[in-house]
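>>> dropping a prediction and its sequence here:
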Amino acid sequence: MTEPLSPPTHREHRVEVEPDQVLQVRDFGPADGPTVVYHHGTPSCSLDVPGGWHGVPDGVRVLTFDRPGYAGSPHRPGRSVAEAGRWSEAIADALGIGHFALMGTSGGGPHAAAAAAVLGDRITRLCVSVGLGPVGLPGFVWEEGMPAETIAEGRYAIKGEEELRTFIDSLMQQEDPMSEWMSQLPPSDQELLGRPDVQPEEAVVTAGALATGADGWVEDDLALFHREWGVDLAAVTAETLLLYGGADVLVPHAHGDAMLRAIGHGQLVKLPGAGHWMRDVEPAVLRWLVDVPGGPSFEPAGS
């Protein structure tokens with residue numbers, strides 16, 4: 001019998017944010033290494049590790065966690081993007097970490113940026129990778145270039161939980177809830193996701209993200225589209241990298257322009273031909289985040 005696929009050896013923690021809120025945390029790398037707290041995408045879970053399960057550079061510590069409603073973190077209705085600061089702080093405090101870096105991908109990008117804004121000088125560096133831009137930013141049309149499915153998802157979220165749940169519940173009835181999105185990916189994403197070492201990992205991550213239902217997905221969408229984010233991203237003081245794919249159809253690179261405008265500083269990089277999955281460059285990004293040799297060397301932003 002084939003052994004079930006599982007991530008490499010790591011530590012697991014249950015971190016209490018407040019008496020009625022606990023987060024499931026996965027802890028990769030040396031306990032005394034420079035640390036990156038990672039905010040996963042939407043929908044996803046703590047099994048998602050930047051660079052893949054075996055891509056974390058030697059000596060770097062990466063903490064992933066399930067946002068409330070996903071996998072091992074109980075559902076918390078009404079949560080906001082700004083609460084990502086409290087979650088990140090609680091994780092670092094529980095594990096005795098002072099200063100640390102932040103990274104967030106896709107739907108986790110705004111959460112990582114919000115945490116950096118809330119925690120100020122405690123954050124050393126920030127990377128927002130293919131992160132959704134601030135939907136309420138004046139002059140920013142978040143729908144432009146998005147798949148019809150994402151536009152529908154966002155608009156249902158803006159209307160409120162009842163209509164959004166009906167939409168997502170219909171997707172959950174399908175064998176692959178993400179199939180409509182995946183069929184539209186650019187060649188770079190298709191090639192990466194088709195690799196024999198990537199396919200099984202992605203399957204485990206997706207299964208973990210939806211194993212306990214759609215609460216996490218619903219609450220992410222409501223926090224991102226329906227509620228105020230509750231944070232001024234211009235308060236980010238950390239050195240910032242905004243990383244986007246020139247061919248990304250899930251979060252078009254114009255979202256990077258919007259994120260840069262909201263934060264007000266940082267290096268915006270648009271990788272020509274790249275899509276939504278940045279797995280190949282993420283190990284170098286992790287090195288940059290903790291300021292060790294081997295960080296990325298990018299060309300100026302372009303599409």
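The structure has been received and is ready for your questions. All values derive from a computational prediction rather than experimental measurement.
>>> do you have the helices of the protein handy? List them.
With DSSP state H applied, the chain shows helices at 84-94, 108-119, 148-159, 161-172, 179-182, 187-193, 199-210, 215-221, 254-263, 282-289, listed in chain order.
>>> what's in contact with the shortest one?
Read that as helix 179-182. The set of residues external to helix 179-182 that reach it, using C-beta atoms under 8 Å, 6 or more residues apart in numbering, is 147, 149-150, 176, 193, 250. C-beta here means a position set from N, CA and C on the backbone, and glycine is covered the same way.
>>> how about 10 Å then?
Outside helix 179-182, the residues within contact range by C-beta atoms under 10 Å, 6 or more residues apart in numbering are 147-150, 152-153, 171, 174, 176, 189-190, 193, 202, 249-250, 276.
>>> buried ones only from those, please, as a ChimeraX command.
Here is the ChimeraX command that picks out the buried ones among the contacts of helix 179-182, judged by 16 or more other C-beta atoms under 10 Å:
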select :147,149,150,153,171,189,193,202,249,250,276
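>>> lowest-confidence entry in the contacts of helix 179-182?
When the contacts of helix 179-182 are sorted by pLDDT, the bottom entry is residue 176 at 84.
>>> now that residue: how far from residue 203?
Between residue 176 and residue 203 the distance is 10 Å, computed by C-beta to C-beta, to the nearest Å.
>>> for this protein, which spans come out with low pLDDT?
Along the chain, the model assigns pLDDT under 70 to residues 1-4, 299-303.
>>> most packed of the helices of the chain?
Comparing the helices of the chain on average neighbours per residue, with mean count of other C-beta atoms under 10 Å, the densest one is helix 108-119 at a mean of 28.
>>> just give me how far that helix sits from the chain centre.
Helix 108-119 sits 10 Å away from the centroid of its parent chain (C-alpha atoms, centre = their mean, to the nearest Å).
>>> do the same with stretch 103-119
Stretch 103-119 sits 8 Å away from the centroid of its parent chain (C-alpha atoms, centre = their mean).
>>> before we move on, what about stretch 17-26?
A distance of 18 Å separates the C-alpha centroid of stretch 17-26 from that of its chain, computed with C-alpha atoms, centre = their mean.
>>> next: stretch 168-187.
Relative to its parent chain, stretch 168-187 has a centroid offset of 18 Å by C-alpha atoms, centre = their mean.
>>> stretch 100-109 now?
5 Å.
>>> repeat that for stretch 193-200.
Its chain's C-alpha centre and that of stretch 193-200 lie 20 Å apart, by C-alpha atoms, centre = their mean.
>>> start and end of that stretch, how far apart?
Its start and end residues considered, stretch 193-200 measures 10 Å (C-alpha to C-alpha, to the nearest Å).
>>> try stretch 186-204
22 Å.
>>> cool, and stretch 106-125?
When the termini of stretch 106-125 are compared using C-alpha to C-alpha, they are 18 Å apart.
>>> look up the residues forming beta bridges with residue 270.
Residue 270 forms beta bridges with residue 244, as assigned by DSSP bridges.
>>> for it, grab the count of nearby residues.
Counted with other C-beta atoms under 10 Å, the burial measure for residue 270 works out to 22 neighbours.
>>> rewinding a little: looking at the helices of the chain, which is nearest to residue 138?
Among those, the nearest to residue 138 by C-beta to C-beta is helix 254-263 (9.5 Å).
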